[in-house]
Structures are given as structure tokens and as C-alpha cells.
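Student: fold the following for me, if possible:
(chains A and B)
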Amino acid sequence: MTELCPHGGKGKRHRKEQAWKTMEDRKQKLLDIEHLSIIYKTDLETVYAVNDISLSLEKGQTLGLVGETGAGKTTTALAVMGLLPERTARVTRGKILLDGEDVCGMTEKELLRLRGEKASMIFQDPMTALNPVLTVGSQIGEALYLHNAQELSREQIEKKVEETLEMVGIPKERKNEYPYQFSGGMRQRVVIAIALVCNPGLLIADEPTTALDVTIQAQILSMICDLQRKYGTSVIMITHDLGVVAETCDMVGIMYAGEIVEYGTLEDIFTGKEHHPYTKGLFGSIPNLWEESDRLHPIEGLMPDPTLQPEGCRFAPRCTECGEICRSKKPPLREKDGHQIRCHFHGGGDSLSAEDRKEESHE
Amino acid sequence: MNKRKLRRMVQVKEFWRRFTKNKTAVLGLSIMIFILLIVIFADVIVPYSKCIEQAGAERLQGPGPKHFFGTDEYGRDLFARVIHGSRFSLFIGVATSLMALVFGSLIGASAGYFGGMIDNAIMRVVDVFMCVPPILLSLAVVAALGTNLRNLIIAMTISCIPGNVRLIRSVVLTVAEQDYVEAARSYGTGNGRIILRYVLPNAMGPIIVNTTMMISDMILSAAGLSFIGMGIQPPAPEWGALLSNAQTYLFSAPYMLLFPGLFIIITSLAFNLVGDGLTDALDPKLKD
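Tutor: The predicted model follows:
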């Protein structure tokens, strides 16, 4: 077992300067999602899973996507990998630029090259994410074998597999064992090893610790952070645990019903003054160490039916601050210093973003 | 490397322990081994020449010390014919089952894995084939291609591919939904590789069991085809052909029917018992 730093998040707390200004800047980013909308269409119904979200991620940064189940987090992640189910899912609008290339327009062949090499994914449940009939070593070697750009020989691949195993804290002697011989936490390490073996620029962690117990959670998270720092990987951390976000992320996007309702730096979200009512509700749903209260204050109600496209704000039916305008008009994304909030009443101070001003003057 | 071998051994041992807990399966396996020994050492037990050698003086002799199973209407030794017939019967059974396994796996796995149009196209063709009784289908193919061993195997393979495709597709459907298949896709594994390395190996349990069961079915239907004269042609001995031959002398020499029939029953019983045992031993849900 390797030494694990107990507070993996701490070291990277020094933030980079906010680079969130011009279009030229945005083109340099590793991942840039622009106005992405995804639907799942079946014969019976159309589910609006992701509605007009825009995101960007710099090299080496971690972006947290937070939200309830069904908010469209995983759909977004799958779209970035080009893994959406072909028969039902459609990208109706928008672009996903990964390293300057549009993922949505890629052929299957290009996608095969992208997956594993440029972007890879850690799945939620390590108990089911490994093939039970292959040894862990051969599963780690698989990605290397498939993306063998440097034309490594068999021995070199074996060696790299051993290195990668050691890197995630598993003795290399265990490479010939099968997944059933590993515990949940060890399997998640193997899954991470598979994801990182080709040194991808982007790592998507889809609730990597949800299926693990708390002690292992901390180990796995700090390991992801350590490795990220070591290799300069960008990470999208999908979670519904705000504690995980606080430990690991630079940027945070709060998702609700397929929209990003609030987006900003970790400080914006955790210590900023202005918040979307949903964000407030999320924080109200977790216990606070410094305030004594008998009860938590969860958000009343459920997520809206994703097959409907409401006219006003999607959060309106559950919102404590809901006004007349919220039911009839879709709120604009207000922005102040990169902190965006999609609400009629919050965010942006008095300065509306350029886009919104245009909209307003139009009316 | 040594450790790996050891671990394999442990797995095999565990499998063996669970298999041997089923006494009937062990009985089936012993019979199977016994018959395999007969197949391997047929020439040692009795030379092949003996089963085509005609002796007019010894026609239709009952079982006795000279001819253990008696003789047929040409005076050929039935013991020799049954012993050497096992080679044909088992070869046909195993060969057709394996071929049906390979083709059925590839076709069924593609249907289950890709789904949609490909699935629909494959399954409708399979449905058409399923409408024709298998024995009729093989008959038609043999009639079209001509009767010899190769064509017989082709015909019987074709007749049992559809059922295999169905079974394998249904198993693959559940396996293809597993997370590790999606995970494999997420690190860039192509579809062909996923089917061969991820989907099929994990679907192997039911497929292996089905194949052992199929071997006995195939021995029976080879016997059936030979019985109606469309299988192995005389003078080559095959169990079904022996039966077919025996029906003329059903009342005067019933032993001619008895021995080949007994061997057919015992062999297919053995394969079925082993198949049952495998089902239990390979089913992780029954682990205890």
C-alpha cells in the first residue's frame, strides 16, 4: 500500500487566474461545451436530458458537476466520450470541443481513438465495471494495446501495466489475479489504473466514490487528486456529494433538470454571496458543523418531468423565492466575474451579461 | 507465473468439487469416458476389417461367444460394427455441435450486441428456419447436396444453428448491458473485440451446457437420418444405420436392434447428465 496524503485536495488550492474572458481564450481550453442539448427519443416519449449547457475546462483543472439524480450529469459525461446510446440519444444542438475537435461530428473510428487516449472514464460501481473473466493486468494492458502509438512491445506493455498498478497502490504481483479476488476499493483502484494508463488529457469520474464506504472514499479521492497533479490531467468530477466537491474541485457547475443553474469557482459556490435558490437548497440539505439545528431543510418536491419543456424556470415549482415572472419567462444566465446564475432574482448584481441585455432590449 | 498456475488449479479444483457433488453427473462422465475410450481404441478392440467382412455361413447368428452381439444378414460381426459405429456417431455429434456453437455464437452475439436493424434482420431469418422442423431441414439439405459424411454434418449444423442463435442472443442481451462492456467501450475497445473478449466469455456458462446437451441431440438425429437412409451410407457402420438395417429383421433377430439402440441411449444419456452437472457446477448463483 502506498502512502496516501490524507488531504489530497489541499495542495492544489492555489487557483489559477480566472481565464474566462475572450473567445480566443476559450479556444485554448481542453474541453469546451457550447450550448449542448441532448434528448432521448423513443416511440413513446422524448426526454429532454440536457438543455443548453455551456462549460469549459482548462488543462489540469477539476470541474465538479453536482446535482440530483436525473439532472443530466451522466448524459453530459457520456456525450463527451461519444458514448451516448446510438438508437435513442440525439444531440439536438451545440458542440463539444475536446482539444479543438468536435466530438459530436466524429466518426466511430475517430471516437475509438479518442476514448482511452484523450478522454477516459471512471465508472460508478467498481464491482461491475471490470470484466470478470480477464485478469486485471490484461484489462489494464488492453487500453495500452489498443492505443499503441509508441509501438510498445509486449514486454514494455507488461512493464507499463506493473508501473500503473504500483501507481494506484496495488502490488504488481497481483496483476495476474482476477477481479473477484479484489475488494471494492481495490477494484476502483484498478478501474482508475485502466482509465489513466494511456495518460488521457481528460478524466471523467462518474460518481467514483458513491459505491465505496467512507474510509475508502477519502483514499480514492486523494489518489485521484495526486495523480491529477502528477500528470496534469483535467478531471470532470460528477457527484451529488458537496463534500467531495469541496475537497477536489476548482470549478463547480450545479445542474438541475438538464440545465446548469449555477456555475463558478469553488469559492463562488461555497462562500459567494449570491446563489441560485437550488444551490441554497442543496446546502440546506446537508448538516452544518457550525450551526445547531434540529432538522435539515431539504428541498420540497421532486424534479420536474423531463419529458416536458416548461415555459418558465424549471425550478419554479419547488422554489421558495418563486415570483410571477418565474412561471412565465425562462430566466437568463446572469454573470458576474465568471460566476453565472440562471435566475431572475439572483446573480450578476445589476450588471446583466451582454447576451441577456440584448434579449431584454429586444423585448 | 507459477502462482498463476496454482490459482488456475484452485479454480479447477473448486469446479471439480462442485461437479462431483452431483453423483449422476459423475456417472454420466464415467460413461462418457468409457465411450471415448471405445472410440479411441476401437481398432485395438476389434479391427475395422471385421465389421465389413461378410461371412455367408454366419448370417443372423444370435449373440454368443464368437460374436458377442450376433451377426447381421450378411454375416458381419455386430460387435465390431457397434464399436466402430461409435466413431461415426460421436464424430458427427461433436463436429456438428462445435460448428453450430461457433456459427451460432458469432451470429447470435452480433444480433444481441448490435440490436436494432441487424438484430431484426438476423432474427427474422432465424424465425423462418425455426418454422421448418430440424430433421426436415437437414433432410432437404442432404437431399440437395448429396449423401456423404461432410454434407451430413453441414446439413445438421444448419438445422441446429437457429436454436443456438436464439439462445446465445438472449444470453448476450443480458451480458451486453453490463457496466464492464460500457467500460471497455470507454477506453476505446472496438465492437469485434468487445464481443470476443468481453461478451462471449461471460456468456459461456449456458452456452457450454447447451453444447453438451446438443451433442446428444445430434447423435440422435444423425441416427434418425441414417435410419431413413439419408445419413451414413453402408457398408460404413453407424448406430442409426445399424438400427435402420435391423428393422427388417425386427421379429426374427431383435438383438440387431437392441445393441446399437442401447449404445445410442446410453451415450446420449451420458452427455445429458454431464450437461446437467455442468449447469449446476457453472452456475454462480448455486455456489455453496
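
Student: does any part of stretch A:67-79 sit near chain B?
Tutor: No - using Cβ under 8 Å from any Cβ of the partner chain, we find that stretch A:67-79 stays clear of chain B, coming within 8.9 Å at best. For glycine as for every other residue, the C-beta is placed from the backbone atoms N, C-alpha and C.

Student: so how far is chain B from A:Arg342?
Tutor: According to Cβ to the nearest Cβ, to the nearest Å, A:Arg342 stands 30 Å off from chain B.

Student: got the phi/psi numbers for that residue?
Tutor: phi -100, psi 90 (degrees, to the nearest 10).

Student: can you check A:Ile38 too?
Tutor: Here A:Ile38 shows phi and psi, under degrees, to the nearest 10, equal to phi -130, psi 140.

Student: I'd say it and A:Ala79 touch.
Tutor: Yes - in this structure A:Ile38 lies within contact range of A:Ala79 using Cβ atoms under 8 Å: 5.9 Å.

Student: to which secondary structure element type does A:Thr69 belong?
Tutor: Here A:Thr69 is recorded as coil under DSSP: H, G, I helix; E, B strand; the rest coil.

Student: pLDDT weak spots in the stretch 1-150 of chain A?
Tutor: A:1-28 (pLDDT under 70).

Student: counting neighbours, what do you get for the residue of it found nearest chain B?
Tutor: Going by Cβ to the nearest Cβ, chain B is nearest to A:Gly116 of the stretch 1-150 of chain A, at 3.5 Å. By the criterion of other Cβ atoms under 10 Å in any protein chain shown, A:Gly116 has 26 neighbours.

Student: equivalent analysis for B:Ile208, please.
Tutor: Quick note: B:Ile208 (other Cβ under 10 Å) scores 15 neighbours.

Student: so what's it closest to, chain neighbours aside?
Tutor: Spatial nearest neighbour of B:Ile208, chain neighbours left out: B:Leu278 (6.1 Å); criterion: Cβ to Cβ, 6 or more residues apart in numbering or on different chains.

Student: tally up the residues packed near that neighbour, please.
Tutor: Quick note: B:Leu278 (other Cβ under 10 Å) scores 24 neighbours.

Student: neighbours of residue 106, how many?
Tutor: You didn't say which chain, so I picked chain A. Neighbour count of A:Met106, defined by other Cβ under 10 Å: 16.

Student: oops, wrong one, chain B.
Tutor: With other Cβ under 10 Å as criterion, B:Leu106 counts 15.

Student: secondary structure of it: a helix, I assume?
Tutor: Yes - counting by three-state DSSP, B:Leu106 is located in a helix.

Student: now it: how far from B:Val165?
Tutor: 9 Å (Cβ to Cβ, to the nearest Å).

Student: picking that back up, okay, and the common contacts of A:Ile38 and A:Ala79?
Tutor: A:Val50, A:Ala89, A:Val91 (Cβ atoms under 8 Å, 6 or more residues apart in numbering or on different chains).

Student: quick one: which of those is nearest B:Val142?
Tutor: A:Ala89 (48.5 Å; Cβ to Cβ).

Student: show me the shaky parts of the stretch 101-250 of chain B.
Tutor: In the stretch 101-250 of chain B, no residues with pLDDT under 70.

Student: chain A contacts on that one?
Tutor: Near chain A, when you scan the stretch 101-250 of chain B using Cβ under 8 Å from any Cβ, you find B:115-116, B:178-180, B:182-190, B:193, B:197-198, B:201-202, B:204.

Student: among these, which ones are buried?
Tutor: Those of these that meet the buried threshold are B:115, B:178-180, B:182-189, B:197-198, B:201-202, by 16 or more other Cβ atoms under 10 Å in any protein chain shown.

Student: most widely separated two among those?
Tutor: Among those, B:Gly115 and B:Tyr187 lie farthest apart (Cβ to Cβ), at 21.8 Å.

Student: A:Gly284 is in contact with A:Ile299, correct?
Tutor: Yes - between A:Ile299 and A:Gly284 there is a contact at 7.4 Å, judged by Cβ under 8 Å.

Student: the two: who's more crowded?
Tutor: Between A:Ile299 and A:Gly284, A:Ile299 has the larger neighbour count (other Cβ under 10 Å), namely 19 against 15.

Student: relative to A:Leu144, how far out is that one?
Tutor: 45 Å.

Student: cool, and B:Ala121?
Tutor: Taken as Cβ to Cβ, the span from B:Ala121 to A:Leu144 is 36 Å.

Student: so these two - more neighbours on which side?
Tutor: A:Leu144 (22 against 11).

Student: am I right that the more buried one sits in a helix?
Tutor: Yes - assessed with three-state DSSP, A:Leu144 lies in a helix.

Student: relative to A:Glu110, how far out is the nearest residue to it once chain neighbours are set aside?
Tutor: Excluding the flanking residues, the one nearest A:Leu144 by Cβ to Cβ, 6+ apart is A:Ile157, at 5.1 Å. As judged by Cβ to Cβ, A:Ile157 and A:Glu110 stand 24 Å apart.

Student: between these two, point out the one with more neighbours.
Tutor: In this view A:Ile157 and A:Glu110 are compared by other Cβ under 10 Å, and A:Ile157 has more residues nearby, 19 against 13.

Student: dump the residue contacts of that one.
Tutor: A:Ile157 neighbours (Cβ under 8 Å, 6+ apart): A:Gly141, A:Leu144, A:Tyr145, A:Asn148.

Student: one more time with 10 Å, if that's ok
Tutor: With contacts defined as Cβ atoms under 10 Å, 6 or more residues apart in numbering or on different chains, A:Ile157 is in contact with A:Gly137, A:Ser138, A:Ile140, A:Gly141, A:Glu142, A:Leu144, A:Tyr145, A:Asn148, A:Val197.

Student: so which of these comes closest to A:Glu291?
Tutor: Nearest member of these to A:Glu291, counting by Cβ to Cβ, is A:Val197, at 45.0 Å.

Student: that closest one and A:Glu117, how far apart?
Tutor: Counting by Cβ to Cβ, the gap from A:Val197 to A:Glu117 is 10 Å.

Student: what touches both of those two?
Tutor: In contact with both A:Val197 and A:Glu117: A:Ala143, A:His147, B:Tyr187, using Cβ under 10 Å, 6+ apart.

Student: look up phi and psi at the residue nearest to the second one when sequence neighbours are not counted.
Tutor: Read it as A:His147. Nearest residue to A:His147, sequence neighbours excluded (Cβ to Cβ, 6+ apart): A:Glu117, at 4.4 Å. Note on A:Glu117: its backbone torsions stand at phi -90, psi -50 [degrees, to the nearest 10].
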